[in-house]
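A.B. asks: Build me a model from this:
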Amino acid sequence: MKISTQFIIILFLSCSIATIVPAQKKKAIATIFKPVGTVDYKTGEKDWTKAKAATPLIPGDIVRTQENSFAIVKFLENSVIRVQEKSEVTVSGEIAKGEFSKNVHLQRGEVGFDVKKRSNEKFEFSTPTSVASIRGTGGLLIAGQDSNDVLILGSGNVDFKNLISNTIYNVKAGQTAYSMSDGSVKVEESSAEDRRLLKKSSADSTKPESGNKPEGNNQGGTKTDSTGTIDSTETSSSSETTGITIGLTINSPVGRENKDLTVSVEVTESSITMDSLKRSVKDLTLFYRPKQGQIFKMLKAQFSDRVTKFTIPAADVYSPEIAVYAVLKLSDASEFSVPAASPETNPIVLPIQAGQKNELKIPFTDPTGKKKTMIIEYK
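C.D. replies: Numbers count the residues shown, from 1 in each chain. Reported below is the predicted structural model:
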């Protein structure tokens, strides 16, 4: 039986094209939103890499912190974990039967958490000894020495399971649970020391310890609400001039390279009424520096409410970060800024994720009738 040369060529090309389609890459499920001090992460068999703001994490990635260091990790649905000093966690996640399951495995150290309650989602924290099933909860998990774990709960409730005995207790807000290496579990009301540790884990994420301030950062910190949503990347202390006190905050999501970035300036405190402030404001300006070493550019907006939004154009949004500050001027010549002190030399640093690779997808049908896709990456 003869086979036409044309058919052989088509079959050869189809097989060749099919072999160049890369395996599907894992998608990021979280972001290292804010690393402070010495923070590293590891993907697969690769070496440890220093973490930067807006570093994406895929399932299986490991994050570790050294002494006097911590990292804020934000998941796609806005849940937030705070990896405390001298800790190591592995983040995982998968979608099965319409449910998004996430797991944070704490190998050692401590992790604070604010998990946002959502339908069709499952969030677990685990250690070598215990598993905590979370549903809209804030608290602190400590992987103790000798496999004795401690769970301090600030809000919500958690099913806390000891993996040795399979004993499960429902822990409620204001309680502390102990999961022991002998399989026992104990639950009691949180002590003053427990509440102090819980408060410290949250405070560590909002204000760096003295002497451990990250390069390029300013006074203030990341503001997280009870659901784990990061509302502010940095805040200023209120300033006082000519008898008027005004506090300002800059809010922004994690930006993406070559995409417009919306930055909001919010009045969080004012010693005069908002109506009086509206009449008194002469000018509100957002200053931003696209790249280190460049000069600051300006964006002006009409002040009309407590929150004023600015849009930094995509052409000026570069990875890994963009520096910003804002100045509010009143008609009496008084000025207020965020940060409050030396804003131009001590600006707020917003993390920017690197842009995705450019891909050209070409669908085709092979001689057997199967639909396939050829993916070509280009710069």
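
A.B. asks: Let me see the ranges of the helices in this protein.
C.D. replies: 5-19, 192-203, 274-280 (DSSP state H).

A.B. asks: Which residues are in contact with residue 40?
C.D. replies: Applying Cβ atoms under 8 Å, 6 or more residues apart in numbering to residue 40 gives the contacts 48-51, 63-64. For the C-beta atoms, the positions are set from N, CA and C on the backbone; glycine is no exception.

A.B. asks: quick one: it and residue 304, what's the gap?
C.D. replies: Residue 40 is 45 Å from residue 304, where distance means Cβ to Cβ, to the nearest Å.

A.B. asks: Check what pLDDT the residue nearest to residue 84 when sequence neighbours are not counted gets.
C.D. replies: Spatial nearest neighbour of residue 84, excluding adjacent residues (Cβ to Cβ, 6 or more residues apart in numbering): residue 110 at 4.0 Å. Note for residue 110: predicted pLDDT of 93.

A.B. asks: show me what contacts residue 110?
C.D. replies: 84, 87, 140-143, 201.

A.B. asks: Pick the one among the residues you listed closest to residue 123.
C.D. replies: Using Cβ to Cβ, residue 141 comes nearest to residue 123 of the contacts of residue 110, at 12.1 Å.

A.B. asks: Would you confirm that that closest one contacts residue 149?
C.D. replies: Yes: using Cβ atoms under 8 Å, residue 141 makes contact with residue 149 at a distance of 7.0 Å.

A.B. asks: Show me the beta-bridge partners of the residue positioned nearest the centre of the chain.
C.D. replies: Centroid-nearest residue in the chain: residue 74, 2.8 Å away (criterion: Cα atoms, centre = their mean). In this entry, residue 74 is beta-bridged to residue 31, residue 80, by DSSP bridges.

A.B. asks: hang on, isn't it packed against residue 33?
C.D. replies: Yes: Residue 74 lies in contact with residue 33 (Cβ under 8 Å); the separation is 4.4 Å.

A.B. asks: tell me the domain ranges of the chain?
C.D. replies: For the chain, the structural domains run 30-203, 233-353, going by automatic domain parsing.

A.B. asks: Tell me which of those lies nearest to residue 372.
C.D. replies: Ranking those by distance to residue 372, with Cβ to Cβ as the measure, places domain 30-203 first at 23.4 Å.

A.B. asks: Quick check: which ranges of the stretch 201-350 of the chain have low pLDDT?
C.D. replies: The stretch 201-350 of the chain contains residues with pLDDT under 70 at 203-243.

A.B. asks: and stretch 323-343, how far apart are its ends?
C.D. replies: Terminal residues of stretch 323-343 are spaced 10 Å apart (Cα to Cα, to the nearest Å).

A.B. asks: Next, the buried residues of it.
C.D. replies: For stretch 323-343, a neighbour-count test (16 or more other Cβ atoms under 10 Å) marks 323-330, 334, 336-340, 343 as buried.

A.B. asks: Residue 37: how many residues sit nearby?
C.D. replies: Close neighbours of residue 37, defined as other Cβ atoms under 10 Å, add up to 17.

A.B. asks: Skipping adjacent residues, who's closest to it in space?
C.D. replies: Counting by Cβ to Cβ, 6+ apart, the residue nearest residue 37 is residue 69, at 2.8 Å.

A.B. asks: does the one you found really touch residue 39, like I thought?
C.D. replies: Yes: using Cβ under 8 Å, residue 69 is in contact with residue 39, at 5.6 Å.

A.B. asks: Now do the strands in the stretch 251-379 of the chain.
C.D. replies: 255-256, 261-270, 281-289, 297-300, 307-312, 321-330, 335-338, 348-353, 358-365, 371-378 (DSSP state E, counting those that start in this stretch).

A.B. asks: tell me the contacts of the spatially closest residue to residue 182 that is not a sequence neighbour?
C.D. replies: Once flanking residues are discounted, residue 182 sits nearest to residue 164: 7.3 Å by Cβ to Cβ, 6+ apart. Listed by Cβ under 8 Å, 6+ apart, the contact set of residue 164 reads 129, 181-183.

A.B. asks: Phi and psi next, for residue 164.
C.D. replies: Per-residue torsions, residue 164: phi -80, psi -40 (degrees, to the nearest 10).

A.B. asks: Can you report how many residues lie near residue 281?
C.D. replies: Residue 281, neighbours per other Cβ under 10 Å, totals 19.

A.B. asks: That one against residue 329, yeah?
C.D. replies: Yes: counting by Cβ under 8 Å, residue 281 does reach residue 329; the two are 7.4 Å apart.
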